[in-house]
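Undergrad: I need the structure of the sequence given here:
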Amino acid sequence: MHSPDHDGEEKYDEGSRTSPLLKGGADEDGRGTFSLTGVGLEEGMKILNDKRDDDEGFDLDDRFIAEIMMSLNNEKIATLRKAFEQNDDDGLSLAEFVHVMTSILDMGHLMTADQFAANLIEFFDQVDINGDGAMEWDEFTSFIVEMGMNEHDHQPDAISNYFFTATKETGNHNAYVQDIRYHKNDTVTMFDFDSKQVRIYNSKMDLVHTIISNSGQVQCCEFLASPNLYAISTNDLSVNFYDGHSYQVVKKFRTPNQNTTVIRWIESEKLLFTGDTRGSIKAWDCQDMEEKFEMGMRDAYSAAGGLLSRRALGLHRDIILDIIELEGLEVVASASIDRTIKLWDLPTGKLRRTLVGHKKGIRKITYSSEYRFLISVGFDFDVLVWNPYVANLILRLSDHGCSLCGAEIIPNTPILVTADVEGSFKVWDVRNWKMNQTFKAEEKRSGQLKGFCALASTKSIVAVGRDMHVFDYEKIEMPEFSDEFPLCSALYNPTTSTFITCSNKFVKIWDAGEGKIMKVYRNLSDSDITAMCLDFRERKFILGDHDGSLHCYDFLNGADMKEFAYEEMDGKAHLDEITKLLYCDEHATVISTGWDKTVSIHSESEADEGVLLRRIENAHNTDITALSHSHTLSLIATGSADSRLKVWDYEFCRMEASLNEHNSPITCVQFLDPFPALMSCDAGGNVILWAVRPSKVKNRIMARWKNRPANKRAGGKPQAAAITVITVACKFAGETRGRKGTSFDEAEGEGEAEAEDDFVDKHMGSSEEAQRWIERLKRLTKNRAKKRGKKDQEEVEEFLIYAGDERGNVVVWDLLPTMEGLMKEYGGTPQGMGPLEGPLECGNPRRHIVYDAGAGGGGRGWGGEVSANSVSIISTWLAHEDSVTSLQLIDDPQAILTSSTDRLAKLWKMNGTVLGVLRQGGPKRGETWEFGLDTRAIGVKKLEDGGKIMDEVREMEALELDSSGEEDDMSSTLTMMSYDPLAAGGGMAGLARAEREQESVSYRKTPKRIPINPATVGRRRKRK
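TA: Model prediction:
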């Protein structure tokens, strides 16, 4: 409850309120849970606005979202929601969403229309995570809430632990330290009770100098940055200034009437603030050596001309113990023995508000400029957390058992450290107010802890009583590596211009432009992550783990979106470890294999859960160790630890071939699109090239050779090494290099659905649902390579195989001469060994089948082989010190990304020259990051997309008036958005009439597909 204390001030009474920032109140122990959901609109937007202004820890997309929220008042939010609801549950298309947002928001003061539209496109794509091309109100609001709640949850600055380093003498063996303080010049000052000496330490806590006062006993000390002076107040009512280099007295002035108890320098105003035993706070100009003003005294006289009392003015009435600046708010906060905190206007000295909540005197206050929390501690046992904007007590932390002596926010981190007089320290995460650690400073001699300070440069804590205790902050383990654990995979995401790596239970997101960690998603899995892939829009990542669980996560914030869990598999996707994962872009399916000897095909297009489409049980007799899929051939290939290679039909799961030519466990398989060919590798380093359907010589060995790179551990002699990963690079005449025979020409996107025309005509005809299916196919590969159609058939100009092996080598084979020889011998058509003109038909990619293969035996490959000499090595280099776990070709800019069990992810030029290494601690000295990401071109492309969508919006606006001059539904709705019935005098009745009128308005309705399940698979119908 807010009650007036005096004009211009609000007083907060803790005893008669429930904090609006507490959701569900406090726990039994008095601790609460912080949530923004209960914040009033104006208060919440103020908080978002301040977060928007922060450049650190708040990226551009976040600031744009915050900017949107700042511009939405209650009326606009209501009309925006109405626009969503009037389209039933079909949501808004991209053009409709941009139309609505540009109609109700004016961003002209911040950006152009095209820039605004470009940001809205990115925003739409992030919200429309399932890629159905429509945004619903629930999606919109849920996304905003998740952004707010997860904003700092996954930052790389995870809170580590503090550990005891040393105990040092403070100078006088028998005296307590009265005060310790860290200064912005990276020094620490401390002085004892009843002492004339101030000791100055560097950041390593080595004594640099001792200043001896020629006046009285030292009361407090401060460092003035811009004049480079130490200001020391003494009990003879004087303040002495010492040069920061020579430590000689350069000036001095007296503070009349009262002893100074605290001194604080405000750099932004170039003013020195002092607090005294009477409760007065004064601002001093150190240049002119004169008092500028006293806080709260500019309105000290009543209308009759009499001096008002300190109580009437709302001033402190007891000793001032702390003064701090609330950076970014132009506010000074003061704490006093009188149990109150006062917030003062920095430029004028006027009192803004009083915070009341402590039951005893307040010793220390600290402020987080990044998270906008004010924390106070004192002679009572609780830590109080405040919202300085509205004088609200957010929560009370009651874990200490005695009076507190200090609290510090570690600069540029979410760490709050509090300590009590018995020496107990507690470390808090201000993002969620969880206590991360408790430790204790043990005094060798009986006594109390008097205070502590935190060093910004090292994050160390120095605590003092009679002794000095130093606690160091844990550094990043293995900063020279990408991770503390062997990497499972590393992928480049061109949609977000980031890299993603996974290991153990962690996923890390890296900035591709600088090679630095952006986010860390921790403990995403209950067991070790074993496989990872991205979805077709590169807005989600999918993880498989050691227990057989399969989950889909939001790339933006790490939220667990859905699980692939089936009752017959004990609530998991597999009964045992998932070994391989692949994503089929064209059908939005996930293909997984596991130690349970099964191959599963899951639908990923449903919003809430994964749906099992097909499963091959007993696909092998032993663990499945290799997996490949070809959309062009509509085939799946698997290999196992018993050296068996099998080929399966993607749609019907029937076995096409079982081949038993290898003599050791199969380590890798890869289809060689667009040719009807398959490559398999085993633990002995053997590589075999097979023909597959539709070739007339399918299941025959076309070539074989052995991978024998030089082994530096064997004196550089060639030795066999198992291939662990393979990636194909196929370049057609007139194309830039892509992967797997794909082209990255934007013009080909227009014909994306042509490969599926026969399927649409055969099964759906020309219905509206058929057209929606075609549009979905176009969206499926929006950010991926465009598949080649018959009209694009051209001669293959380059066909390279990039492979990584168990010893960390990367080898590049030129397979074009081999394929040309095969085409010459067997024919250049797909029935021979020529490239396919387009993908083979998959009649029903969502067919539901459970097939028990029985793990039968297989035949041996047969037929004439091409000599191994025809496979030439283009280049080879030692990329890692251990086995390569992933290898990805990046098209723009051209590069190779590799990861390894040596805990490093590296980026290479196509010739093997290193471009950069992802390291947790940043590049080593002398290292550079040379990934040529053209951020300007990316920005220009986004602006072009924004311009195109704005053209659509303008066309929509032009069509809003029909031939009779009447407004259509969209125009009517947007007109209502600009009409304020309350302002027009209609009151609540007018508002009700407006809502009734708006209910009659609706947008177009987009048919939606019902979720796929065993009962509805293969059928397509509209939602009711």
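Undergrad: hmm, who's touching the helix or strand hosting L943?
TA: Using DSSP states H and E, L943 maps to helix 935-958. When contacts are defined by CB atoms under 8 Å, 6 or more residues apart in numbering, helix 935-958 is touched by residues 94-96, 98-99, 102, 113-122, 497, 513, 970-971. Any C-beta I mention is one placed from the backbone N, CA and C, and that applies to glycine too.
Undergrad: Off-centre distance for that helix?
TA: Offset of helix 935-958 from its chain centre (CA atoms, centre = their mean, to the nearest Å): 26 Å.
Undergrad: how about it: buried residues?
TA: Counting neighbours by 16 or more other CB atoms under 10 Å, one finds that the buried residues in helix 935-958 are 942, 946, 949-950, 952-953, 956.
Undergrad: In PyMOL, select just the buried ones from the contacts of helix 935-958.
TA: Here is the PyMOL command that selects the buried residues among the contacts of helix 935-958 (16+ other CB under 10 Å):
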select buried, resi 94+95+96+98+99+102+113+114+115+116+117+118+119+120+121+122+970+971
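Undergrad: picking up where we left off before, quick one: the buried residues of helix 935-958 as TSV, columns for pLDDT too.
TA: Below are those laid out as TSV (pLDDT from 0 to 100):
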residue	pLDDT
K942	87
G946	87
I949	88
M950	88
E952	86
V953	84
M956	77
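Undergrad: Could you list the low-pLDDT ranges of the stretch 851-1000 of the chain?
TA: 855-870, 960-1000 (pLDDT under 70).
Undergrad: repeat that for 50
TA: Scanning the stretch 851-1000 of the chain for pLDDT under 50 picks out 863-869, 962-964, 966-1000.
Undergrad: Report the beta-bridge partner residues of D322.
TA: Here D322 sits in beta bridges with A335, as judged by DSSP bridges.
Undergrad: residue contacts, it?
TA: The neighbours of D322, taking CB under 8 Å, 6+ apart as the test, are 262, 275, 334-335, 362-365.
Undergrad: ditto for M561
TA: 129, 540, 551-554.
Undergrad: Next step: those residues restricted to strands.
TA: 540, 551-554 (DSSP state E).
Undergrad: could the contacts of M561 be laid out in a markdown table, adding distance to F84?
TA: Converted to a markdown table, those look like this (distance: CB to CB, whole Å):
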| residue | distance to F84 |
| --- | --- |
| I129 | 17 |
| K540 | 23 |
| H551 | 29 |
| C552 | 25 |
| Y553 | 26 |
| D554 | 21 |
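Undergrad: which strands and helices sit next to the helix or strand harbouring M819?
TA: Using DSSP H and E, M819 falls within helix 816-826. Under the contact criterion of 3 or more CB pairs under 8 Å, 6 or more residues apart in numbering; DSSP states H and E, helix 816-826 touches strand 686-691, strand 701-706, strand 796-805.
Undergrad: Just the CA atoms from that helix would do, formatted as PDB, please.
TA: The C-alpha trace of helix 816-826 is given here as PDB (Å, rounded to 0.1, in the frame of the first residue of the first chain):
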ATOM      1  CA  LEU A 816      34.200 -37.400 -60.200                       C
ATOM      2  CA  PRO A 817      36.600 -39.600 -62.200                       C
ATOM      3  CA  THR A 818      35.300 -42.700 -60.500                       C
ATOM      4  CA  MET A 819      31.700 -41.700 -61.300                       C
ATOM      5  CA  GLU A 820      32.500 -40.800 -64.800                       C
ATOM      6  CA  GLY A 821      34.100 -44.200 -65.300                       C
ATOM      7  CA  LEU A 822      31.000 -45.900 -63.900                       C
ATOM      8  CA  MET A 823      28.700 -43.900 -66.100                       C
ATOM      9  CA  LYS A 824      30.800 -44.800 -69.100                       C
ATOM     10  CA  GLU A 825      30.600 -48.500 -68.200                       C
ATOM     11  CA  TYR A 826      27.000 -48.800 -67.000                       C
END
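Undergrad: ok, residues contacting it?
TA: By CB under 8 Å, 6+ apart, the surrounding residues in contact with helix 816-826 are 672, 675, 677, 689, 691, 695-697, 702-703, 796, 798-800, 832-834, 866, 870-872.
Undergrad: Quick one: mean pLDDT for that helix?
TA: In this model, helix 816-826 has an average pLDDT of 92.
Undergrad: Strand partners (parallel or antiparallel) of the helix or strand just after that helix?
TA: Next helix or strand after helix 816-826 toward the C-terminus (DSSP H and E): strand 849-852. Take DSSP bridges as the rule and strand 849-852 pairs in its sheet with strand 611-617 (parallel).
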